[in-house]
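Asker: any chance you could fold what I've pasted below:
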Amino acid sequence: MNLNKIFVLGNVTRDPEVRSLPSGQQVTSFSIATNRFYSLNGEKKQETEFHNIVCFGKLADIASRYLNKGSLVLIEGRIKTRNWQDSSGIKHYKTEIIAETMQLGPKNSGNNSNSNYQKSFSQSEPDQPNQKYDQDIPIIQEDYPSAAENSDNNIVSFEDEAAEEIDVKDIPF
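Answerer: Residues are numbered from 1 along each chain as shown. Have a look, this model is predicted:
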């Protein structure tokens, strides 16, 4: 089994650039900086890493609307390395994070209000990010066998568990 998954939390280093593919799909690219703090011989050090982020479709539209230089953003995605050959025959490589979901940090309102504005987006979000949406929570119904159907005495039915009282002293925290 293989896994290509990355989470990065950092600040946008440049305003997002918006392009369109020949198919008409919107693409937005930007970079974010992450910091690593460590100690070397008793001296505190900081190392900054820059990550290239690429968003497609609705996520690209949202990134272009809400992100700007300095914005805090959490990106969940996958790593992809592109390669191409320039006109002089030199092969180039660029490693990027293809965003699958994005969570915006606090809103930069330009005044002194520190509102905790946070919103999560993914590729499957609706078209209009300004509209409030009621989340439809799916109801998952599973058929639990009744006590009469349980031939094994070790199996406790859902109805039996619901009828038992829970003593607060039995909770480990």
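Asker: for stretch 41-51, list the C-alpha coordinates in CSV.
Answerer: This file holds the C-alpha atoms of stretch 41-51, laid out as CSV (Å, rounded to 0.1, in the frame of the first residue of the first chain):
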residue,chain,number,x,y,z
ASN,A,41,24.5,23.6,20.4
GLY,A,42,22.1,25.4,22.8
GLU,A,43,21.4,28.1,20.2
LYS,A,44,17.8,28.4,18.9
LYS,A,45,17.5,28.2,15.2
GLN,A,46,14.7,28.7,12.7
GLU,A,47,14.4,27.1,9.3
THR,A,48,11.9,28.3,6.7
GLU,A,49,10.6,26.0,3.9
PHE,A,50,8.6,27.3,0.9
HIS,A,51,5.9,25.1,-0.6
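Asker: mean confidence score for it?
Answerer: Stretch 41-51 comes out with an average pLDDT of 94.
Asker: who touches it?
Answerer: Stretch 41-51 has contacts (C-beta atoms under 8 Å, 6 or more residues apart in numbering) with 8, 10, 13, 31-39, 75, 97. The C-beta positions use only the backbone N, C-alpha and C, and glycine is treated the same way.
Asker: 6 Å instead?
Answerer: 8, 31-38, 97 (C-beta atoms under 6 Å, 6 or more residues apart in numbering).
Asker: ditto for stretch 72-85
Answerer: 4, 6-9, 11, 53, 91-105.
Asker: can you select the buried ones from those in ChimeraX?
Answerer: Those of the contacts of stretch 72-85 that count as buried under 16 or more other C-beta atoms under 10 Å are selected in ChimeraX with:
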select :8,53,96,97,98,99,100,101,102,103,104,105
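Asker: let's see which of the contacts of stretch 72-85 end up in strands.
Answerer: 6-9, 11, 53, 91-104 (DSSP state E).
Asker: need the strands for the chain, in chain order.
Answerer: Under DSSP E, the chain gives strands at 6-12, 17-20, 26-40, 43-56, 72-85, 91-104, 119-122.
Asker: in terms of mean pLDDT, which of those strands ranks lowest?
Answerer: strand 119-122 (a mean of 58).
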